[in-house]
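A.B. asks: Any chance you can model this:
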Amino acid sequence: MSWKRNSVIALLSSTLGLSVYASNNHEQVARAFLQQKNINGDMRLSTVKTSLLGEHYYFDQYLNGVKVEDSDVVVSIDEQGQVFKSWNKFASFSTNEKAAAPGLELVSMEGALDLAWNHLKVHGDLVDMPTAKKMYIQTQDGLKLVYKTELNVTAPYGYWQVVVDAVTGNIISTENTSIPRQAKVWEKNFSEFKGNTVSRIEKQNQLRSEKMMKELNENPTYVTAEATVFDPNPVVTLMSTTLNDNTRGAEFEEAYVKIDLPEVSMSGKNYLLSGPFIKIADFESPRTAPSQTNNGVWDAQRGDNKFNDAMTFYHIDQSQRYIQSLGFTGAKAFLNFPVEVDSDGLSGQDNSHFIPGSNRLAFGHGCVDDNEDSDVILHEYGHAIQHNITPNWRGGDTGAMGEGFGDYWAASYSLGKTNGRDFHPDWVFKWDGHNKCWDGRVLSRLNMRYDHSRTYSAHSSVSGGVSDELWSTPLFQALFELTEKGVAHSEVDQIVLEAHYGVGSGAKMRDLALATVQAAKRLYPNGIHAQVFEEKFKHHGIIQ
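C.D. replies: Coordinates of the predicted model:
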């Protein structure tokens with residue numbers, strides 16, 4: 001194969017002598033920039049994101065009318081109509097590139113779904129409708145025309161992506177795409193299953209009927225409710241590390257707080273935990289129906305799933321409201337819709353996950369229930385944040401950065417709560433972890449060093465800790481120092497969120513670190529924000 005990728009990220013300024021002109025037509029500016037950089041392939045605008053600093057135009061490359069995965073360009077344009085940042089993963093192909101042209105494939109989209117379904121030996125129910133997308137993937141042997149199928153099923157349990165060769169029908173790869181809080185090896189038990197495979201069409205019709213019934217009953221009227229929760233968790237509130245899952249209930253009394261839920265739904269005379277930003281649902285085992293009340297009060301305590309429902313709803317709802325307070329509203333808003341969350345899923349495992357394909361979250365109840373700790377809830381919501389800001393969030397170091405950002409987002413919230421700055425502020429999962437259940441993670445791995453030549457996947461081993469901590473540590477240490485020096489906590493969170501805009505596929509830690517420093521400079525040019533972020537990244541060698 002003869003193709004090459006250009007440099008990935010460029011942080012631009014007028015000193016670079018760009019000839020791209022300023023204009024009120026920002027798409028025109030973006031396309032002029034592509035021409036100037038000799039990006040002359042079939043580049044199609046996939047989406048436009050608006051952030052605090054400007055608009056970001058995301059282009060995907062097409063060949064023979066089919067998308068080429070991970071060949072994307074992003075052009076970021078400020079309010080003056082000038083390019084201030086770009087992302088370039090454009091792949092240049094030679095004229096003798098041997099890629100199968102559409103029309104030569106022997107496998108149809110429905111055929112690909114059947115091949116994937118039979119490969120998995122599906123013998124359970126569908127969680128979501130199956131999908132299949134035709135695309136080129138880049139391999140060592142050149143471009144390959146494939147279908148990427150998504151099959152989310154209860155048995156074999158998983159959110160499966162099965163890649164099918166569109167020409168030969170061969171199965172190229174099988175992967176569970178959900179993103180768990182801690183490392184999990186998914187059992188590919190479909191290879192040993194000896195029973196009967198269920199009908200895909202029948203399961204699709206069944207799921208379609210269920211969805212139609214739900215939609216007929218959904219016309220929400222929002223009202224205020226009340227709930228009892230931990231905020232953020234009993235370990236921080238009580239400043240105690242002696243608590244465990246078997247501690248007597250009376251010892252938690254002082255950790256409970258009563259809060260308002262600004263917007264829940266009414267259905268007849270019943271109050272439901274379904275609001276503008278989160279909807280408690282039931283789509284994973286065990287089958288636990290979402291709780292409801294007839295008086296608008298969720299006053300259960302730990303051990304009752306009504307408490308888990310209330311915890312999950314409150315912390316995701318308040319996190320989205322906080323994000324909007326940072327200026328991410330209107331055209332700048334993200335995740336401004338109800339995210340479906342199963343508060344009792346993963347078949348009861350001691351784990352939780354985000355499901356990118358359907359934008360859902362689910363929480364397990366092994367050992368300490370995961371959603372008794374706001375750290376776990378906000379960590380998972382952190383994955384949803386990244387995937388909704390950045391359309392092509394995959395490849396490169398995004399595995400480790402996804403985990404690290406989730407840890408940062410959770411710890412940032414805890415830091416601002418009572419006792420948060422004084423009681424193990426650098427711990428994350430302070431109630432769910434750091435005990436006999438599991439070790440949790442920290443945000444103070446100052447001895448870790450970054451190697452730009454390697455790739456950092458989620459939860460991978462690194463000298464001094466795990467890859468997740470290599471990204472979370474400089475972010476959190478910058479937050480801690482900046483707030484100690486009087487910088488508003490909200491300004492630091494604002495910078496970290498803004499940095500994600502304009503980043504494309506295959507992002508490395510160095511790329512996002514540079515983008516973070518640049519966001520700090522542009523948002524707060526007269527502050528110390530950029531200097532502190534740069535120091536923290538340089539300490540680990542992430543920025544040279």
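A.B. asks: What pLDDT is listed against Tyr21?
C.D. replies: Looking at Tyr21, its pLDDT is 54.
A.B. asks: and if you look at the one 10 residues further on?
C.D. replies: Among the per-residue scores, Arg31 shows a pLDDT of 96.
A.B. asks: which parts of whichever strand or helix holds it are buried?
C.D. replies: Assessed by DSSP states H and E, Arg31 sits inside helix 26-36. Buried residues in helix 26-36, counting neighbours by 16 or more other Cβ atoms under 10 Å, are found at 26, 29-34. Every residue, glycine included, has its C-beta placed from N, CA and C.
A.B. asks: which helices and strands sit right next to it?
C.D. replies: With contacts taken as 3 or more Cβ pairs under 8 Å, 6 or more residues apart in numbering; DSSP states H and E, helix 26-36 sits against strand 42-50, strand 55-63, strand 66-77, strand 83-88.
A.B. asks: how about the ones you listed, which one is nearest Val341?
C.D. replies: The closest of these to Val341 is strand 42-50. By Cβ to Cβ, the value is 24.0 Å.
A.B. asks: The closest one pairs with which strands?
C.D. replies: strand 55-63 (antiparallel) (DSSP bridges).
A.B. asks: so Ile542, which of the three states?
C.D. replies: When classified by DSSP: H, G, I helix; E, B strand; the rest coil, Ile542 comes out as coil.
A.B. asks: Now do it against Glu535, distance only.
C.D. replies: From Ile542 across to Glu535, the span is 11 Å (Cβ to Cβ, to the nearest Å).
A.B. asks: Between these two, point out the one with more neighbours.
C.D. replies: Ile542 (27 against 16; other Cβ atoms under 10 Å).
A.B. asks: tell me the contacts of the more buried one?
C.D. replies: Residues near Ile542 by Cβ atoms under 8 Å, 6 or more residues apart in numbering: 450, 470, 474, 509-510, 513.
A.B. asks: tell me the domain boundaries of this protein?
C.D. replies: Here the domain assignment for the chain is 3-91, 109-210, 218-389, 394-544, based on automatic domain parsing.
A.B. asks: Mind telling me which residue is nearest the centre of the protein?
C.D. replies: Centroid-nearest residue in the chain: His383, 2.2 Å away (criterion: Cα atoms, centre = their mean).
A.B. asks: What residues of stretch 56-65 count as buried?
C.D. replies: Neighbour-count burial for stretch 56-65, with 16+ other Cβ under 10 Å as criterion, is recorded at 56-63.
A.B. asks: Let's have the residues you listed in a markdown table, adding pLDDT and distance to Gly345.
C.D. replies: As requested, those are arranged in a markdown table below (pLDDT from 0 to 100; distance: Cβ to Cβ, whole Å):
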| residue | pLDDT | distance to Gly345 |
| --- | --- | --- |
| His56 | 98 | 33 |
| Tyr57 | 98 | 37 |
| Tyr58 | 98 | 32 |
| Phe59 | 98 | 37 |
| Asp60 | 97 | 33 |
| Gln61 | 96 | 37 |
| Tyr62 | 95 | 37 |
| Leu63 | 91 | 39 |
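A.B. asks: quick one, what contacts Gly357?
C.D. replies: With Cβ under 8 Å, 6+ apart, Gly357 has these contacts: 128, 131, 150, 152, 159, 161, 177.
A.B. asks: Please indicate which of the contacts of Ile542 has the highest neighbour count?
C.D. replies: Pro474 leads these on contacts (other Cβ under 10 Å) with 30 neighbours.
A.B. asks: how near is that one to Phe537?
C.D. replies: Using Cβ to Cβ, Pro474 is found at 5 Å from Phe537.
A.B. asks: Identify the contacts common to these two.
C.D. replies: Taking Cβ under 8 Å, 6+ apart as the criterion, Pro474 and Phe537 both touch Ala513.
A.B. asks: how about low-confidence regions in the stretch 1-150 of the chain?
C.D. replies: 1-23, 94-105 (pLDDT under 70).
A.B. asks: same deal with the chain?
C.D. replies: In the chain, residues with pLDDT under 70: 1-23, 94-105, 185-189, 215-218.
A.B. asks: If we use 50, what do you get?
C.D. replies: Residue ranges of the chain with pLDDT under 50: 1-7, 12-19, 95.
A.B. asks: ok, which stretches of it are helices?
C.D. replies: 26-36, 109-120, 200-216, 234-238, 305-325, 374-389, 398-415, 467-484, 489-498, 509-523, 529-539 (DSSP state H).
A.B. asks: Of all the ones you listed, which one comes closest to Asn294?
C.D. replies: Short answer: helix 305-325, nearest of these by Cβ to Cβ, at 12.8 Å.
A.B. asks: Now Val264. Nearest residue, chain neighbours left out?
C.D. replies: Ala225 (4.5 Å; Cβ to Cβ, 6 or more residues apart in numbering).
A.B. asks: State the number of residues packed around that neighbour.
C.D. replies: Neighbours of Ala225 (other Cβ under 10 Å): 25.
A.B. asks: Leu479 against Gly416, yeah?
C.D. replies: No - assessed by Cβ atoms under 8 Å, Leu479 is found out of contact with Gly416, at 10.0 Å.
A.B. asks: Those two: who's more crowded?
C.D. replies: Ranked by neighbour count (other Cβ under 10 Å), Leu479 and Gly416 place Leu479 first, with 26 against 14.
A.B. asks: any idea how far the more buried one lies from Phe423?
C.D. replies: 16 Å.
A.B. asks: do the same with Gln318
C.D. replies: For Gln318, the distance to Phe423 - Cβ to Cβ - is 21 Å.
A.B. asks: what does Thr390 give?
C.D. replies: According to Cβ to Cβ, Thr390 and Phe423 sit 33 Å apart.
A.B. asks: Tell me which of these two has more neighbours.
C.D. replies: Comparing Thr390 with Phe423 by neighbour count (other Cβ under 10 Å), the higher total belongs to Thr390, at 24 against 18.
A.B. asks: For Ser347, which non-adjacent residue is spatially closest?
C.D. replies: Ser285 (4.7 Å).
A.B. asks: State the number of residues packed around that neighbour.
C.D. replies: Neighbours of Ser285 (other Cβ under 10 Å): 18.
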